[in-house]
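In: sequence and predicted structure, then a few things I'm wondering about:
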Amino acid sequence: MNFTTTETTATEVRTLAERVFQQLQDAIVRGELAPGSKITEPGLSKTYGISRGPLREAMRRLEAHRLIERVPHVGARVVKLTMVELLELFDVREALESMAARLAAEYMTPKEIAALREVLAGHERQADLQRGEAYYQREGDLDFHYRIVQGSHNRMLVTMLCDDLYYLVRLYRTQFSAGGARPQRAFVEHHRIVDAIEAGDAELAELLMRRHVSASRANVADRYAATLKESSASA
């Protein structure tokens, strides 16, 4: 009986930790917890009304996904990349995602392509995209780029892009790619990439994805530079 109770409690803690992880992850990705901001267990515990056990588990996951970092004599804080680190991240993304698109054109099944088009159809109905304000994508199977990488059927690429770098890329992709004409252009580019994949044109799929990520890189870099300039001016 004690074993069952302990097992149930452990399951409840994991479930609660998962819910808190999702809440904190969304808050970080959307910028509600600003890059570089310090976060503490007491503060988060009070905000989310959660005990320290599940919270510690959620924070360990955030750290594993590179969304928070431990700084000596400071504590935990939301990750904040330098401009050089950000550009390096997008350089890696450009190389790997263009490879994933090429492989997707070779190996993605008709069922997977149909599901990818359904994802884009869902995106098109989003109010933020219709207004041209932003292009926010939920994580995992509701994320266009995630689906492309999964469609490559290359386990090494999936590990690197859907696990190791995914959440960090998603953070900067979300926070600094909104506004202007970019959301609508990105959506159109997504459709062209899927067209190339469906046609089995691996070379074109790779080229279009490379151009797409390169455009995103330039846009993110410009917007990030603007925020750094604003921060310096207000300091």
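Out: That came through, no problem.

In: could you list every helix and strand that the helix or strand where residue 206 lies packs against?
Out: Using DSSP states H and E, residue 206 sits in helix 202-234. For helix 202-234, the packing partners by 3 or more Cβ pairs under 8 Å, 6 or more residues apart in numbering; DSSP states H and E come out as helix 83-107, helix 166-176, helix 182-198. Just so you know, the C-beta spots here come from the backbone N, C-alpha and C atoms, and that holds for glycine as well.

In: could you point out which of those sits nearest residue 221?
Out: helix 83-107 (6.2 Å; Cβ to Cβ).

In: list the buried residues in that closest one.
Out: 86-87, 89-90, 93-94, 96-105 (16 or more other Cβ atoms under 10 Å).

In: figure out how far the helix holding residue 206 is from the centre of its chain.
Out: Relative to its chain's centre, helix 202-234 lies at 15 Å (Cα atoms, centre = their mean, to the nearest Å).

In: how far does stretch 127-139 stretch from start to finish?
Out: Its start and end residues considered, stretch 127-139 measures 18 Å (Cα to Cα, to the nearest Å).

In: please parse this protein into its domains.
Out: Split into domains by the TED database, the chain comes to 16-78, 83-233.

In: make CSV from these and add mean pLDDT to it.
Out: Below are the domains of the chain laid out as CSV (pLDDT from 0 to 100):
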stretch, mean pLDDT
domain 16-78, 86
domain 83-233, 89
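
In: mind checking how far residue 26 is from residue 191?
Out: 26 Å (Cβ to Cβ, to the nearest Å).

In: equivalent analysis for residue 92, please.
Out: The gap separating residue 92 from residue 191 is 25 Å, by Cβ to Cβ.

In: and residue 62, by the same measure?
Out: Here the criterion is Cβ to Cβ. By it, residue 62 lies 33 Å from residue 191.

In: of these two, which one has the most company?
Out: Neighbour count, other Cβ atoms under 10 Å: between residue 62 and residue 191, residue 62 has more, with 23 against 13.

In: spatially central residue in the protein, please.
Out: The residue lying closest to the centre of the chain (Cα atoms, centre = their mean) is residue 170, at 2.0 Å.

In: not counting its neighbours along the chain, what's nearest that one?
Out: Sequence neighbours aside, residue 29 is the residue nearest to residue 170 in space, at 5.9 Å (criterion: Cβ to Cβ, 6 or more residues apart in numbering).

In: for residue 45, give me its contacts.
Out: 51, 52, 55 (Cβ atoms under 8 Å, 6 or more residues apart in numbering).

In: most neighbours out of these, which is it?
Out: The contacts of residue 45, ranked by neighbours (other Cβ under 10 Å): first place residue 55, 20 neighbours.

In: need the contact list for it.
Out: With Cβ under 8 Å, 6+ apart, residue 55 has these contacts: 17, 20, 41, 44, 45, 48.

In: dump those into JSON lines; add distance to residue 224 and secondary structure as well.
Out: Below are the contacts of residue 55 laid out as JSON lines (distance: Cβ to Cβ, whole Å; DSSP: H, G, I helix; E, B strand; the rest coil):
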{"residue": "17", "distance to residue 224": "31", "secondary structure": "helix"}
{"residue": "20", "distance to residue 224": "28", "secondary structure": "helix"}
{"residue": "41", "distance to residue 224": "29", "secondary structure": "helix"}
{"residue": "44", "distance to residue 224": "26", "secondary structure": "helix"}
{"residue": "45", "distance to residue 224": "31", "secondary structure": "helix"}
{"residue": "48", "distance to residue 224": "29", "secondary structure": "helix"}
